[in-house]
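J.: Quick one, what's the 3D model for this:
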Amino acid sequence: MLKVGLTGGIASGKTRVAQAFERLGAAVVDADVLSRELTAPGQPGLAALVGLLGPGILDPAGHLDRKALRQRLFSDALLRRRVEQALHPLVLERLQARLQGLEAPYSLAVVPLLVEVPAVRALVDRVLLVDCSEDLQITRLMSRDGESESQARAILAAQAPRAARRAAADDILLNEGDTAALEQAVARLHGYYLELAAQGDFHRAGLRLP
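T.: Numbering: from 1, shown residues only. Prediction:
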């Protein structure tokens, strides 16, 4: 089965793209969803975070306070690396298990940090990057999450540079247009991946869309 890794910087539109693929029948596994599963009460990821950071990262109901955690992590690179070292192996193990359990012509693994984590790259046959300008990412972060411009820029600085993501990608979907353009680009990629899967040609030259 062809395995495609879908990645992109924060606020690039990965979720919208993944949802569009799902509507077309693609099998999608989202690493962020798996991370949320693993950091729910009683799960090993949450236990690991409390062990690292203490119970102050929990809300009164015992759930992870994700916004507070994100603010701490993006202001402390060393702490962010420690948290990633604790969570990434758990997410990677569950991601691999979910991909192996799928029955479909191809699967889509949504992994925001795919470029930064070589072990994840090894799980997929090719990489699809959802791309947009950094200015647009900042605008979306400020609008969507209520971040200040300085906070938005700090979040971007903590991720792989845009140029590095583009260099690592086999296929690139530029998400700077309207919904119709996005849907058309996803439909074209869906057809392309079905063709690659049917022919067993997982490493053909990439697409740059739109």
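
J.: list the buried ones in the helix or strand bottoming out on mean pLDDT in the chain?
T.: The helix or strand of the chain with the poorest confidence is helix 66-74; it has a mean of 83 (mean pLDDT, DSSP states H and E). Going by neighbour count (16 or more other C-beta atoms under 10 Å), the buried part of helix 66-74 is Leu69, Arg72, Leu73, Phe74. The C-beta positions use only the backbone N, C-alpha and C, and glycine is treated the same way.

J.: okay if I get the residues you listed as a markdown table plus distance to Glu93?
T.: Below are the buried residues of helix 66-74 laid out as a markdown table (distance: C-beta to C-beta, whole Å):
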| residue | distance to Glu93 |
| --- | --- |
| Leu69 | 21 |
| Arg72 | 25 |
| Leu73 | 22 |
| Phe74 | 25 |
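
J.: List just the nearest of those residues to Arg80.
T.: Nearest to Arg80 among those, counting by C-beta to C-beta, is Leu73 at 4.3 Å.

J.: The closest residue to the closest one other than its chain neighbours: how many residues sit nearby?
T.: Spatial nearest neighbour of Leu73, chain neighbours left out: Arg80 (4.3 Å); criterion: C-beta to C-beta, 6 or more residues apart in numbering. Arg80 has 15 neighbours, counted by other C-beta atoms under 10 Å.

J.: so how far is the strand or helix carrying Arg80 off the chain centroid?
T.: Counting by DSSP states H and E, the element that carries Arg80 is helix 77-100. Distance of helix 77-100 from its chain centroid, counting by C-alpha atoms, centre = their mean, to the nearest Å, is 12 Å.

J.: next one: stretch 47-54
T.: Per C-alpha atoms, centre = their mean, the centroid offset for stretch 47-54 relative to its chain is 23 Å.

J.: and that stretch, what's its mean pLDDT?
T.: Averaged over stretch 47-54, pLDDT sits at 94.

J.: quick one, phi psi at the most centrally placed residue in the chain?
T.: Nearest to the geometric centre of the chain sits Pro112, at 2.4 Å (C-alpha atoms, centre = their mean). With angles defined as degrees, to the nearest 10, Pro112 sits at phi -60, psi -40.

J.: my guess is it meets Ala31, correct?
T.: Yes. Counting by C-beta atoms under 8 Å, Ala31 is a contact partner of Pro112 at 6.9 Å.

J.: Name all residues that make contact with the residue of the chain most remote from its centre.
T.: The C-alpha centroid of the chain is most remote from Pro60, which lies 28.6 Å away (C-alpha atoms, centre = their mean). By C-beta atoms under 8 Å, 6 or more residues apart in numbering, the contact list for Pro60 is empty.

J.: now the helices for the protein?
T.: With helices called from DSSP state H, the chain shows them at 14-23, 31-38, 44-53, 66-74, 77-100, 118-121, 134-145, 149-157, 162-168, 179-199.
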